[in-house]
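Participant: Sequence first, then the predicted structure, then my questions.
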Amino acid sequence: MSELVPLLESAHARRLPLAARLSAEGTNAWRLFHGGAEGRPGLTLDRYGPLVLAQTFREPLEEADVEALRAFAAARYPDTTAFAWNHRGPTQHAGVADETDHVAKERGVEFLVRARHRGQDPWLFLDLREARRRFAALAEGKSVLNLFAYTCGAGIAAAAAGAREVWCVDFAGSALDVGRQNAEKNRIDPERVRFLREDCLPVLRQLAGFPVKGRASAREFTRFDARRFDLVFLDPPAWAKSPFGAVDVVRDYASLFKPALLLLEPGGVLCATNHAPEVPLAEWTAGLQRAAEKAGRPLTSLETHGPDEDFPAFDGAPPLKVAWCRVA
Ligand SMILES: C[S@@+](CC[C@H](N)C(=O)[O-])C[C@H]1O[C@@H](n2cnc3c(N)ncnc32)[C@H](O)[C@@H]1O
């Protein structure tokens, strides 16, 4: 028998209270097994509605482990019907392919998910569920800016919760296409959501009323007038390069945070995330407070949280940190 079986069963038992809460709110997507924190570094198992997706980030699975994962999914989650395994480790391995579109639900909102597509990441990041939940709770009647939107999970959650106007910005057109399909699936009025295939750096600076910086300033970029939003979701990758500069959440979070804060309406809220495991929560939030003071827009409150319990961090410090920043 695969040594994975008792680990999977313990993970399942730990999640029973969470699974009951999620099912009650109309959510059928959560992490079933979370790597090293649950005894097997480099292996995750997620359910997205009917799909169970294993991912390996180090060595590929042995055949007995694949069978143990399949059997576990079938026994414990009998409402799932598809199993896939993607290997994302240093060695090449085909895994178990599934290229069908499946539908996962969060609080009744439908999100398309495909195990294997051109990119590597699943179309919905499950560790952001609690952030989407809180964002949606604030969204009714509000104007919303979703930066580094990827497949627009936060923007769609806000639109489905009644946001008046939502802008989703990302330079990946294929990710925005998934967002567009999700908007249609949830019958969101297309007039309320804009999908902008743009570099976030010049968009953010212009919306905040700053000139576009850097060597690229002479190049073509879409012009935007300065304007304000009630709610901003700022979820940048840990590091990325663009013709307009770099995103670097370890060394320079402030260059994203400051314009995002300045473009908030009075009383507005910025949800900022930081996925870099090497940045401690206290250090990051102290930096946010300092940047807000320096920008002349001190925070009236700052609340933090990590992911739901399906992403356990046994050292108490999950890599994903979420900060809710309110301004006067
Ligand atoms: C970690 S994902 C963000 C996840 C997303 N916020 C969500 O809720 O699912 C990072 C995204 O940032 C985008 N990205 C990175 N640098 C960018 C830039 N300078 N301008 C626009 N998009 C960028 C990538 O295309 C990718 O979709």
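Facilitator: Looks like it arrived, so ask away.
Participant: Low-confidence stretches in the stretch 151-300 of the chain?
Facilitator: The stretch 151-300 of the chain contains residues with pLDDT under 70 at 214-218.
Participant: make it 80
Facilitator: 214-219 (pLDDT under 80).
Participant: interface residues of it facing the ligand?
Facilitator: With CB under 6 Å from any ligand atom as the criterion, the stretch 151-300 of the chain meets the ligand at residues 151, 153-154, 170-172, 175, 199-201, 235, 237, 240, 242, 247. (Each C-beta comes from the backbone N, C-alpha and C, glycine too.)
Participant: Neighbour-wise, which one of those leads?
Facilitator: Of all these, the highest neighbour tally under other CB atoms under 10 Å goes to residue 154, namely 31 neighbours.
Participant: next one: phi and psi at that one?
Facilitator: phi -70, psi -40 (degrees, to the nearest 10).
Participant: so it touches residue 146, yeah?
Facilitator: Yes - between residue 154 and residue 146 a contact is recorded at 5.0 Å, counting by CB atoms under 8 Å.
Participant: Between those two, which contacts overlap?
Facilitator: Here residue 154 and residue 146 share the contacting residues residue 233, scored by CB atoms under 8 Å, 6 or more residues apart in numbering.
Participant: Let me see the contact set for residue 45.
Facilitator: Applying CB under 8 Å, 6+ apart to residue 45 gives the contacts 8, 31, 32, 33, 52, 53, 54, 55, 69, 72, 73.
Participant: is it in a bridge, and if so with what?
Facilitator: Beta-bridge partners for residue 45, by DSSP bridges, are residue 33, residue 54.
Participant: Could you tell me the phi and psi values at residue 261?
Facilitator: Dihedral pair for residue 261: phi -70, psi -40, per degrees, to the nearest 10.
Participant: Do I have it right that it meets residue 323?
Facilitator: No - taking contacts as CB under 8 Å, residue 261 lies outside contact range of residue 323: 11.2 Å.
Participant: Of these two, give the one with the bigger neighbour count.
Facilitator: Comparing residue 261 with residue 323 by neighbour count (other CB under 10 Å), the higher total belongs to residue 261, at 25 against 22.
Participant: Can you list the residue ranges for helices in the stretch 101-250 of the chain?
Facilitator: Ranges of helices in the stretch 101-250 of the chain, per DSSP state H, counting those that start in this stretch, are 129-138, 153-160, 173-185, 200-207.
Participant: Can you say which of those is packed in most?
Facilitator: Counting by mean count of other CB atoms under 10 Å, helix 153-160 has the highest mean neighbour count of the helices of the stretch 101-250 of the chain, with a mean of 29.
Participant: can you list contacts of stretch 304-313?
Facilitator: Here stretch 304-313 has contacts from 14-15, 17-18, 22, 30-32, 34, 37-38, 126-131, 281, 285, 318-324, using CB under 8 Å, 6+ apart.
Participant: ok, residue 46 touching residue 35?
Facilitator: No - in this structure, residue 46 is not within contact of residue 35 by CB under 8 Å, at 11.4 Å.
Participant: what about the two, which has more around it?
Facilitator: Higher neighbour count among residue 46 and residue 35: residue 46, with 22 against 19, using other CB under 10 Å.
Participant: where does the more buried one land on pLDDT?
Facilitator: pLDDT, residue 46: 98.
Participant: got the contact list for it?
Facilitator: Residue 46 neighbours (CB under 8 Å, 6+ apart): 29, 30, 31, 32, 52, 53, 55, 122, 126.
Participant: Can you report how many residues neighbour the fifth one?
Facilitator: Read it as residue 52. Residue 52 has 25 neighbours, counted by other CB under 10 Å.
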